[in-house]
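In: I need the structure of the sequence given here:
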Amino acid sequence: MQKPIAIWLLICCALVFAMIVVGGVTRLTDSGLSIVEWQPIVGTMPPITQQDWDVLLEKYRATPQYQQVNKGMSVDEFKSIFWWEYFHRVLGRLIGLVFFVPFVYFLVRKQIDRPLGIKLAGIFVLGGLQGFMGWYMVMSGLVNDPHVSQYRLTAHLGLAFVIFAAMFWVALGLLSPHREYSPENEKLQGLRRFSFSLSSLIFIMVLSGGFVAGIRAGLAYNTFPLMNGHVIPPDLFILEPWYRNFFDNITTVQFDHRLIAWILAFSVPIFWLKSRTVELQGTTRLACNLFLLMLAVQISLGIATLLHAVPIPLGASHQGGAVLLFAASLWVSHRLR
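Out: Sure, this is the predicted structure:
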């Protein structure tokens, strides 16, 4: 009876994946500040008449982004950035609806026990918090500097990944509720700890990617494997105090993102080789192979995105690839639990 619940959660995961990709395009097209109000109910209706568009554009003209970046923008040009932010917000509302309605249905049908109900309620609360976090992020770009705070952007991105991970993990637990392996197996214990460490490192890399996006660090050092001829670039610690470099210095932020990618580039193949020395079931073996394959895809996307100075299709694909790599690592960790 729990398989329908798992399928529902996986559908929600797919929607969150789409949300993250659309959010990436919204950021890359500088569309995120085109809607200057947060109206959870009224804002669902799109502009229809020319008067609707004129009102929205007039509100946008009062923002720093218009005055400093897009001065003189026509209605048609405004529409090109408006729709990405609009679809991003509507998709967020759709996810809330697709989560809430079946949740209530399964509760009424008494198909959700207390422990599962608590988990799902927690995920719903995180979803509501994400809506507030999104608007909190947008607010940072509507005053003075027409760019959103990289701290708030990274928090918004990180919370999206947390929500995805929570739903995905619960769904996997419903599809495979029993332990697959004996907890006394020392080799498996080591492999399990290794897989959880890699999942954690991937999440840290996602957060570092948020800072790369937030300060547009991907537009600098568009060479690989060296950073403009340097293994360690000379400008890593030019800001004071020193810790600001990890969040505000383009050189350091990109260097950190590359460093984590290099660590994963060596660690995941080592994990895969170790998994070959352990007797694993077919599904677990498939998960390990897929994890290695997804790492290769994501690193390739990252290099291509960097070398081409972050074109929109590659940038969005790289962000989507991060979700799939994270999902692959979680699947491996769950199979080895």
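In: now the stretch 201-337 of the chain, which segments are flagged as low pLDDT?
Out: By pLDDT under 70, the stretch 201-337 of the chain has no low-scoring segment.
In: show me the contacts for the nearest residue to Phe99 once chain neighbours are set aside.
Out: Nearest non-adjacent residue to Phe99, counting by Cβ to Cβ, 6 or more residues apart in numbering: Cys12, 5.4 Å away. Where C-beta positions appear, they are placed from N, C-alpha and C, glycine not excepted. For Cys12, the contact set (Cβ atoms under 8 Å, 6 or more residues apart in numbering) comprises Ile95, Val98, Phe99, Met167.
In: quick check: the farthest pair among the residues you listed?
Out: Val98 and Met167 (11.1 Å; Cβ to Cβ).
In: please state the backbone phi and psi of His230?
Out: phi -120, psi 140 (degrees, to the nearest 10).
In: can you offset everything so residue one is 750?
Out: That works, and once the first residue is 750, the last one we named lands at His979.
In: between Val847 and Met916, who's got more neighbours?
Out: Met916 (25 against 15; other Cβ atoms under 10 Å).
In: host element of that one?
Out: Element membership for Met916 (DSSP states H and E) is helix 899-924.
In: show me what that helix is packed up against.
Out: Applying 3 or more Cβ pairs under 8 Å, 6 or more residues apart in numbering; DSSP states H and E, one finds that helix 899-924 contacts helix 752-777, helix 863-888, helix 935-963, helix 994-997, helix 1061-1084.
In: could you point out which element follows the first one?
Out: So the one you mean is helix 752-777. Following helix 752-777 in sequence, per DSSP H and E, is helix 799-809.
In: name the residues that touch that following helix?
Out: With Cβ under 8 Å, 6+ apart as the criterion, helix 799-809 contacts Ser783, Ile784, Val785, Glu786, Pro796, Tyr815, Met822, Val824, Phe827, Lys828, Phe831.
In: and this structure, what are its domains?
Out: Under the assignment named as automatic domain parsing, the residue ranges that make up the domains of the chain are 750-926, 930-1086.
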